[in-house]
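Enquirer: okay, predicted coordinates and the sequence, questions at the end:
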Amino acid sequence: MKAHANTLQYISRLPRDLEQLGEGTALDPRTLGNVTGTVDMQAYVQWLRDNGYGL
């Protein structure tokens, strides 16, 4: 099986800007909370299948 690093290509990370901390803007890390980004689930599931995860 492949390493975790191989799956990072399926994550699109949202930008964060520490200079915006507390400003309430879209780039404020506090506004984004725990949201890191989005995942291309179709491509990720295909990767899992192609790499022996039995889906």
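Expert: Nice, thanks for sending it over.

Enquirer: my guess is N6 is in a strand, correct?
Expert: No - judged by DSSP: H, G, I helix; E, B strand; the rest coil, N6 forms no part of a strand; its state is helix.

Enquirer: residue contacts, it?
Expert: N6 makes contact with W47, N51, according to CB atoms under 8 Å, 6 or more residues apart in numbering. (Glycine included, C-beta is placed from N, CA and C.)

Enquirer: please report how far it lies from Y53.
Expert: 12 Å (CB to CB, to the nearest Å).

Enquirer: what does L8 give?
Expert: Taken as CB to CB, the span from L8 to Y53 is 16 Å.

Enquirer: likewise G37?
Expert: Counting by CB to CB - G37 and Y53 are separated by 22 Å.

Enquirer: where do the strands sit along this structure?
Expert: Along the chain, counting by DSSP state E, strands occupy 11-13, 37-39.

Enquirer: relative to L27, which of the ones you listed is closest?
Expert: strand 11-13 (12.3 Å; CB to CB).

Enquirer: indicate each strand paired with that closest one and its parallel or antiparallel sense.
Expert: Note on strand 11-13: by DSSP bridges, its sheet partners are strand 37-39 (antiparallel).

Enquirer: other SSEs contacting the lengthiest helix in the chain?
Expert: Taking DSSP state H as the criterion, the chain has its longest helix at helix 41-50. Using 3 or more CB pairs under 8 Å, 6 or more residues apart in numbering; DSSP states H and E as the contact test, no helix or strand touches helix 41-50.

Enquirer: can you dump the C-alpha coordinates of that helix into PDB?
Expert: Presented in PDB, the C-alpha positions along helix 41-50 are these (Å, rounded to 0.1, in the frame of the first residue of the first chain):
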ATOM      1  CA  MET A  41     -13.700  12.200  -3.600                       C
ATOM      2  CA  GLN A  42     -14.200  10.500  -7.000                       C
ATOM      3  CA  ALA A  43     -10.500  10.600  -7.800                       C
ATOM      4  CA  TYR A  44      -9.600   9.600  -4.200                       C
ATOM      5  CA  VAL A  45     -11.900   6.600  -4.300                       C
ATOM      6  CA  GLN A  46     -10.400   5.600  -7.600                       C
ATOM      7  CA  TRP A  47      -6.900   5.900  -6.100                       C
ATOM      8  CA  LEU A  48      -8.000   3.700  -3.200                       C
ATOM      9  CA  ARG A  49      -9.200   1.100  -5.600                       C
ATOM     10  CA  ASP A  50      -6.100   1.200  -7.700                       C
END
